[in-house]
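Enquirer: Sequence first, then the predicted structure, then my questions.
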Amino acid sequence: MPELPEVEVTRLSFADRIVGARIEQVRLGKPLRWPLGCEAADLVGRTVTAVRRRGKYLLIDLDRGLLLLHLGMSGSLRFDTGLPEAALHDHFDLVTTQGVLRLNDPRRFGAAVFCEGEASAPARKLLGGLGVEPLGEDFALEAFHAALKKRRAPIKQVLLAGDVVVGVGNIYASEALFLAGIRPTMPAFRISKPRAARLQAAIRQVLAKAVEKGGSTLRDFTNAHGQSGYFQFEAMVYDRAGEPCRVCGAPIRMLRQGQRATYFCRNCQKG
């Protein structure tokens, strides 16, 4: 599914082009994960003032209210002035004076939700439990280590939960733990402060590199220009079970944690 880097890459690919646009029409296809939260016609005439990201959510600020977009398991956004007629898996079109923002989602786990503001009940329900942004200044070592000390679950599961640090999904959790030399099965509370510092730095490094490479395209992810990502070709462990470790040469191993595949190197991740 699209993770934080893919969502950030998507944001960067259309944010500047849509700011200042006035909404002319909203077209809805088959129902998505949650209802829009207002009549589509109510959004007509409103102006886009900014596009932000919170975890895996895109926040499209309007002069009155905001739209929360989520790409779900298989969603992607396109923004262009010459998009064809909506096809089978196109479920949300925001038609503006500067182009059409279209959500394509074959599995329909994505969402487009209107909220009066971030303090409104729908926004609090979706955003209120999210942890600190890993690429922001608030991702502080002291708070990160203190939060890990309260968790007995394996560190990989804690990272995926998103309430300590948000957006470190399955691909990038495996990569960050490899870079930090930490076994994904280690209970979070056993991670020392020096190891937490290595993990904090690894999370930042992996996510920043993934954004630089356009995210990861494992199946059908593309940004709002229709371009694929390339981080998957540089992954150290993810989806490389049985292949030699790029550092020590030992075979990469795979195990299941919470029904998700975890990849690691037994030699390089001893702690």
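Expert: Right, received. Where do you want to start? Please read all numbers here as calculations on a predicted model, not as lab measurements. Numbering: from 1, shown residues only.

Enquirer: Could you tell me how many residues sit around the residue lying closest to A261 once chain neighbours are set aside?
Expert: What sits nearest to A261 in space, not counting adjacent residues and going by Cβ to Cβ, 6 or more residues apart in numbering, is M254, at 5.6 Å. Quick note: C-beta positions are derived from backbone N, CA and C, even for glycine. Residue neighbour count, defined by other Cβ atoms under 10 Å, stands at 16 for M254.

Enquirer: so how far is the helix or strand hosting M254 from its chain's centroid?
Expert: Assigned by DSSP states H and E, M254 belongs to strand 253-257. Distance, stretch centre to chain centre, for strand 253-257: 22 Å (Cα atoms, centre = their mean, to the nearest Å).

Enquirer: What helices and strands are in contact with it?
Expert: strand 260-264 (3 or more Cβ pairs under 8 Å, 6 or more residues apart in numbering; DSSP states H and E).

Enquirer: Which other helices and strands does the strand it packs on contact?
Expert: helix 170-180, strand 253-257.

Enquirer: CA-only coordinates of the helix or strand where A197 lies in PDB, if you can.
Expert: Using DSSP H and E, A197 sits in helix 193-212. What follows is helix 193-212, C-alpha atoms only, in PDB (Å, rounded to 0.1, in the frame of the first residue of the first chain):
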ATOM      1  CA  LYS A 193      18.900   4.800  24.200                       C
ATOM      2  CA  PRO A 194      21.900   4.500  21.800                       C
ATOM      3  CA  ARG A 195      20.000   1.900  19.700                       C
ATOM      4  CA  ALA A 196      16.900   4.200  19.700                       C
ATOM      5  CA  ALA A 197      19.100   7.000  18.400                       C
ATOM      6  CA  ARG A 198      20.400   4.800  15.600                       C
ATOM      7  CA  LEU A 199      16.800   3.800  14.800                       C
ATOM      8  CA  GLN A 200      15.600   7.400  14.800                       C
ATOM      9  CA  ALA A 201      18.400   8.400  12.400                       C
ATOM     10  CA  ALA A 202      17.700   5.300  10.200                       C
ATOM     11  CA  ILE A 203      14.000   6.100  10.000                       C
ATOM     12  CA  ARG A 204      14.700   9.700   8.900                       C
ATOM     13  CA  GLN A 205      17.400   8.500   6.400                       C
ATOM     14  CA  VAL A 206      15.300   5.700   4.800                       C
ATOM     15  CA  LEU A 207      12.200   7.900   4.500                       C
ATOM     16  CA  ALA A 208      14.100  10.800   3.100                       C
ATOM     17  CA  LYS A 209      15.800   8.600   0.500                       C
ATOM     18  CA  ALA A 210      12.500   7.000  -0.500                       C
ATOM     19  CA  VAL A 211      11.000  10.500  -1.100                       C
ATOM     20  CA  GLU A 212      14.000  11.400  -3.200                       C
END
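
Enquirer: Low-confidence regions, this protein specifically.
Expert: Within the chain, the segments meeting pLDDT under 70 span 1, 217-230.

Enquirer: Where do the helices of this structure begin and end?
Expert: With DSSP state H applied, the chain shows helices at 4-18, 121-127, 141-149, 155-161, 170-180, 193-212, listed in chain order.
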